[in-house]
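**Q** Give me a model of this one.
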Amino acid sequence: MRLIFALACFSASTLNAAVAPIYHLDTQTIAAFDDYIAKFERDVVAPWTASGKLWMDDRNCCVHNKAFENGKNMIEPRENADVAGGSIHHFTGAMHIDGANIDDVRKIMEDYAEYPKNFTPDVSKATGIVQPDSTPADEHYNAHLVIETSTLWINLTYDCLYDTHYRRLDESHWMSKSKALSIREMREQHDPSKGYFPEGDDHGFLWRTNTYWFVRQDKTGIDLEVDSITLSRPVPTGFGWWGTRRTQSAVEKMLRDLRTAVNGILRSRS
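**A** Okay, here's the model as predicted:
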């Protein structure tokens with residue numbers, strides 16, 4: 001997932017990770033993020049599992065919108081605000097893909113070996129292991145991803161572990177929930193031998209992340225909705241837009257990459 005931060009008061013030609021400040025992640029900041037996630041799962045995930053109702057169903061961006069119906073991706077902010085010692089950023093994206101089905105999305109999401117191709121250049125390495133409690137209705141994976149990100153003034157690499165559930169609610173409804181269990185920032189990009197910053201004592205660009213996909217299928221194809229919710233260091237006064245841009249860019253790219261991968265499957269079937 002691409003992180004884009006542009007701080008106009010710094011020169012892109014002179015700054016690097018070595019001189020960027022280190023931030024500490026406090027327990028109160030984690031608690032604020034966990035509270036936000038709990039509210040989202042209560043207000044969004046629970047109604048989806050009960051009725052199949054999506055955020056897009058009540059939004060002008062998608063309801064009777066010809067651009068959306070013709071395949072245009074739609075993205076809107078949900079939350080971009082400071083909390084105690086940090087900042088939460090939440091964007092929702094939606095798209096429709098004609099002719100696709102849930103199994104197409106499931107194949108792409110669970111094929112971790114193909115992530116470096118399907119989600120290039122952000123994911124450079126990926127593996128996924130099915131967990132012992134996995135069932136056909138709730139496929140449970142632990143995934144290891146190496147994520148490379150470039151801002152306008154700093155390049156970063158993260159070694160991440162995710163806990164992910166892929167749930168088939170019925171024939172026409174499917175969802176995934178992916179929660180980062182560990183996010184370690186490399187001290188030097190592309191060089192694991194240099195070690196990692198301690199978790200919660202790093203540059204603070206990505207402390208926590210939860211990603212949710214909701215997919216429903218009808219005779220025309222599939223509607224997809226993605227929610228990306230991240231926790232970062234506090235936003236400097238006057239630069240509130242950088243966290244917003246980071247999460248928005250990540251959602252935009254996830255939608256583009258998934259659409260490209262699904263279209264590749266559709267072409268192979270034609």
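
**Q** Tell me which other helices or strands the helix or strand that contains residue 268 touches.
**A** Here residue 268, judged by DSSP states H and E, is contained in helix 241-269. Other elements packing on helix 241-269 under the criterion 3 or more Cβ pairs under 8 Å, 6 or more residues apart in numbering; DSSP states H and E are strand 74-83, strand 86-98, helix 102-110, helix 115-118, strand 221-232. All C-beta atoms are positioned from the backbone trio N, CA, C, and that covers glycine.

**Q** buried stuff in it?
**A** In terms of neighbour count (16 or more other Cβ atoms under 10 Å), helix 241-269 has its buried residues at 242-251, 254-255, 257-259, 261-262, 265.

**Q** Now mean neighbour count and distance to residue 25 too, for the helices and strands packed on helix 241-269, in a markdown table please.
**A** Formatted as a markdown table, the helices and strands packed on helix 241-269 follow (neighbours: other Cβ atoms under 10 Å; distance: least, Cβ to Cβ, whole Å):
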| stretch | mean neighbour count | distance to residue 25 |
| --- | --- | --- |
| strand 74-83 | 16 | 12 |
| strand 86-98 | 22 | 7 |
| helix 102-110 | 18 | 28 |
| helix 115-118 | 18 | 27 |
| strand 221-232 | 23 | 8 |
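
**Q** Reformat the ones you listed into TSV and put distance to residue 42 and mean pLDDT next to each item.
**A** Putting the helices and strands packed on helix 241-269 into TSV (distance: least, Cβ to Cβ, whole Å; pLDDT from 0 to 100) gives the following:
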stretch	distance to residue 42	mean pLDDT
strand 74-83	15	88
strand 86-98	15	93
helix 102-110	24	97
helix 115-118	30	96
strand 221-232	14	94
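
**Q** Residue 207 is nearest to which of those?
**A** strand 221-232 (4.6 Å; Cβ to Cβ).
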